[in-house]
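Colleague: After the sequence you'll find the predicted model.
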Amino acid sequence: MSTPAADPLARERSHLAASRAALRAMREDVESLDISDVTANWVNAQILARQIDERVQALADLSDTPLFFGRLDYLRAPGAERAAGAHGESFYIGRRHVHDADGDPMVVDWRAPVSQPFYRASRKDPMDVALRRRFGYAGGELTAYEDEHLSDPAEAARTSRLLQQEIERPRVGPMRDIVATIQPEQDEIVRSGLGGTVCVQGGPGTGKTAVGLHRVAYLLYAHRDRLARTGTLVIGPNRSFLHYIEQVLPALGELSVRQATVDDLVAHVEVCGTDDAAAALVKGDARMAQVLRRALYAHVTPPTEPVVVVRGSRRWRVPAYEVGEMVRELLDRGIRYGAAREALPRRIAHAVLVRMEQSGEAPDDRVQDAVARTGAVKAAVRAIWPAVDPAKLVLRLLTDAEFLAAHAAGVLSEDEQKTIRWAKAVRSVKSARWSAADAVLVDEARDLIDRTPSLGHVVLDEAQDLSPMQYRAVGRRCTTGSATVLGDLAQGTTPWATRGWREALAHLGKDDAVIEELTAGFRVPTDVVTYASRLLPHIAPGLTPVASVRENPGAFEVRRVSGDADVVAACAEALRHEGSVGLIAADARIPALTEALGSAGLGCLAPGEETSYDTRLTLVPASLAKGLEYDYVVLDEPQAVVDGEPDERTGLRRLYVTLTRAVSGLTVTHRAPLPEQLA
Ligand SMILES: Nc1ncnc2c1ncn2[C@@H]1O[C@H](COP(=O)(O)OP(=O)(O)OP(=O)(O)O)[C@@H](O)[C@H]1O
């Protein structure tokens, strides 16, 4: 038997054991903190106790997540300034920092500068790294390692087995992190600075979602204090998608990131109505912002009467033209409607104060406050600059043809105005049947009145489906922060889907964003991606097809069937393999397939519900397939998927989404002829 000193694997295992012990000691240190001396009151004690709890949680040693997954041995001296700590030292790279009793690092956080060469170093640019070692684990046990001597010209480059294994690993359960295998082009995006907005165009399975989530985790590490104050947000297309990704950040030790849909962000009115495509298209158009602004500011009426304030036995008169100048000045300053409305009484009061001083009085600030609150000033402000309720403003635009015409003239055509007007009169904001697009209009109106607070960083996933007005809604949540915009033009399935990223970024208010492209595919096997890419010339000409990095060719079959029982049989076959199975079908086919699965005794989940080793089959309506993935996919009736959409291009895009969800195998079943674009 080899001794630990001689056997490298045994040495690494003993470092793992020592690191685990060190982590345990760190946790015990925190657990044993006695806070009774340092907390003066109950509230402080509660806050501190919670922070300690969180820290203990963050220091948990999860049996199924390896404490470290890589090691870097630095060369000595040269380039020491490029790689902090490069003195021929080795560093173990893991999800979190672990130190020993002397404070020396046993494991360094993957986000630390010293870890960066693990992701970026290459034979061309070894970044002072002599050895890069990747570790393989099986059931929490360290079982393998793989070395690259980056500075050794004699060693040939080869693809990492461990990376390949990681990509092939069955996908049961929620989305996983990719810290151990982030690729250089992905790492560039992950580690790009907090100051700039990055937009990533990437085909299905190129890791956009993964990259976006790891970027937040990185930013939280690099700018923890600032982002703790300003906040971070991940925006996804729907609940089931958010549910699918919700574990990734906690697994990386980040518990504070909010996740929401665009609809959640603008939920100021209750949405229970829908728009037809034509109405939604106009409501989502950026010109609506102009209409809203005009309609809002039409409430400002220049004064025709002087403001007369009575104090004691004296009357003070501010003439209409002078108040008019104040109003013009507030309009010119471009501050929010609400802020200007609050400033006006003080301006008028100030004019009164000047008059008091001119006549020998010596009023102070309290007098100015009192004057600003007098009935006369309040009444004047109500008449000149009335309070406006944003939802009522939108309601009026959508129901009052004359009001809409007055403010949309020259912006929306008469036809467009007619398209967005509600058919039925509505009595109140509460009884209105608001649609999702209406809620975005209300959000825009609210922001015209009071500035929406900005977060520090926003990740916007599946961005290609947003309307210009939705981009604006997201943009106002990161006016002073930055964003990561992720999407694929070929997967846009809304009538207003993004045509080009520059235009979208302008609506977001981030014209200076950098646009990156990812083309290496980690999900879909080559044969499947080649088949799906037949659709690209019809749905997004000019986009680069995804090049699969998977070596396993995967299983791919197009099968003619004679009924739903055959579809169920295809699912049963898929279930014989390890991993998750998705049966994806046109939304209209879901009831029939639910029944067919039921009669065959096959239980199934809804999208977003977590697959486990016992329940691995999910029945996915095509409209919810975006962003999700399954080891084996059975795609039911492609033509029905296309027909489920209002037009052929959208239908083919939906089909492209559904064809690109499979990791290991895809079976396409059909009774009707396949869409000709797939031929
Ligand atoms: N560097 C990587 N190493 C291992 N797995 C990766 C890597 N990058 C991406 N993956 C995996 O590839 C799959 C697809 O990633 P992801 O869902 O982020 O792609 P996407 O570009 O958002 O796809 P879609 O356009 O379909 O939403 C995921 O299972 C992800 O974990």
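Modeller: Yes, it's here. Residues are numbered from 1 along each chain as shown.
Colleague: now the strands for the stretch 301-450 of the chain?
Modeller: For the stretch 301-450 of the chain, strands defined by DSSP state E, counting those that start in this stretch occupy the ranges 307-311, 314-318.
Colleague: Which single residue of the stretch 451-600 of the chain ends up nearest the ligand?
Modeller: When distances are taken as Cβ to the nearest ligand atom, the stretch 451-600 of the chain reaches nearest to the ligand at residue 522, 3.4 Å away. For every residue, glycine as well, the C-beta is placed using N, CA and C.
Colleague: for residue 660, what are its contacts?
Modeller: For residue 660, the contacting residues are 203, 204, 205, 523, 524, 528, 529, 532, 546, by Cβ atoms under 8 Å, 6 or more residues apart in numbering.
Colleague: go with 6 Å
Modeller: Residues near residue 660 by Cβ atoms under 6 Å, 6 or more residues apart in numbering: 204, 524, 532.
Colleague: One more: residue 319?
Modeller: residue 306.
Colleague: Which of the strands of the stretch 301-450 of the chain sits closest to the ligand?
Modeller: Comparison of those against the ligand by Cβ to the nearest ligand atom identifies strand 307-311 as nearest, at 59.1 Å.
Colleague: gap between that closest one and the chain center?
Modeller: Chain-centre distance of strand 307-311: 54 Å, with Cα atoms, centre = their mean, to the nearest Å.
Colleague: What parts of the stretch 351-500 of the chain come near the ligand?
Modeller: Residues of the stretch 351-500 of the chain lying close to the ligand by Cβ under 6 Å from any ligand atom are residue 488.
Colleague: what about the helices in the stretch 351-500 of the chain?
Modeller: Counting by DSSP state H, counting those that start in this stretch, the stretch 351-500 of the chain has helices at residues 365-372, 375-384, 390-399, 401-408, 414-420, 436-449, 468-475.
Colleague: which one of these has the lowest average pLDDT?
Modeller: Mean pLDDT across those is lowest at helix 365-372; the value there is a mean of 92.
Colleague: can you give me the angle that one makes with helix 375-384?
Modeller: Relative orientation of helix 365-372 versus helix 375-384 (axes from the mean of the first three to the mean of the last three Cα atoms, to 10 degrees): 50 degrees.
Colleague: What helices and strands are in contact with helix 365-372?
Modeller: Contacts defined by 3 or more Cβ pairs under 6 Å, 6 or more residues apart in numbering; DSSP states H and E place helix 365-372 against helix 337-358.
Colleague: List the buried residues of the helix it packs on.
Modeller: By 16 or more other Cβ atoms under 10 Å, the buried positions in helix 337-358 come out as 337-338, 340-341, 343-349, 351-353, 355-356.
Colleague: Please apply the same query to stretch 401-412.
Modeller: With burial defined by 16+ other Cβ under 10 Å, the residues of stretch 401-412 counted as buried are 404, 407, 408, 412.
Colleague: mind checking how far that stretch is from the chain centre?
Modeller: Mean-position distance between stretch 401-412 and its chain equals 35 Å (Cα atoms, centre = their mean).
Colleague: Give me the contact list for that stretch.
Modeller: Outside stretch 401-412, the residues within contact range by Cβ under 6 Å, 6+ apart are 287, 290, 291, 294, 295, 396, 397, 417.
Colleague: among those residues, who's most crowded?
Modeller: Using other Cβ atoms under 10 Å as the neighbour test, the contacts of stretch 401-412 are led by residue 397, with 27 neighbours.
Colleague: can you pull the contacts of that residue?
Modeller: Under the criterion of Cβ under 6 Å, 6+ apart, the neighbours of residue 397 are 295, 404.
Colleague: Now do the same contact list for residue 325.
Modeller: Contacts for residue 325 (Cβ under 6 Å, 6+ apart) come out as none.
Colleague: and the closest residue to residue 562 other than its chain neighbours, how many residues sit next to it?
Modeller: Of all residues not flanking residue 562 in the chain, residue 671 sits nearest, at 6.8 Å (Cβ to Cβ, 6 or more residues apart in numbering). By other Cβ under 10 Å, the residues close to residue 671 number 15.
Colleague: From the ligand, how far off is residue 671?
Modeller: Counting by Cβ to the nearest ligand atom, to the nearest Å, the separation of residue 671 from the ligand is 27 Å.
Colleague: cool, residue 250 as well?
Modeller: Separation of residue 250 from the ligand (Cβ to the nearest ligand atom) stands at 16 Å.
Colleague: Secondary structure element for residue 180, which one?
Modeller: Here residue 180, judged by DSSP states H and E, is contained in no helix and no strand.
Colleague: so who does it touch?
Modeller: Residues in contact with residue 180 (Cβ under 6 Å, 6+ apart) are residue 69.
Colleague: How many residues are close by the residue of the stretch 51-200 of the chain found nearest the ligand?
Modeller: As assessed by Cβ to the nearest ligand atom, the ligand sits closest to residue 181 within the stretch 51-200 of the chain, at 3.5 Å. By other Cβ under 10 Å, the residues close to residue 181 number 21.
Colleague: ok, now which ones touch it?
Modeller: Counted by Cβ under 6 Å, 6+ apart, residue 181 has contacts 163, 166.
Colleague: Residue 192 now?
Modeller: Taking Cβ under 6 Å, 6+ apart, we find residue 192 in contact with residue 198.
Colleague: Around the ligand, which positions in the stretch 1-150 of the chain sit nearby?
Modeller: Residues of the stretch 1-150 of the chain lying near the ligand (Cβ under 6 Å from any ligand atom): none found.
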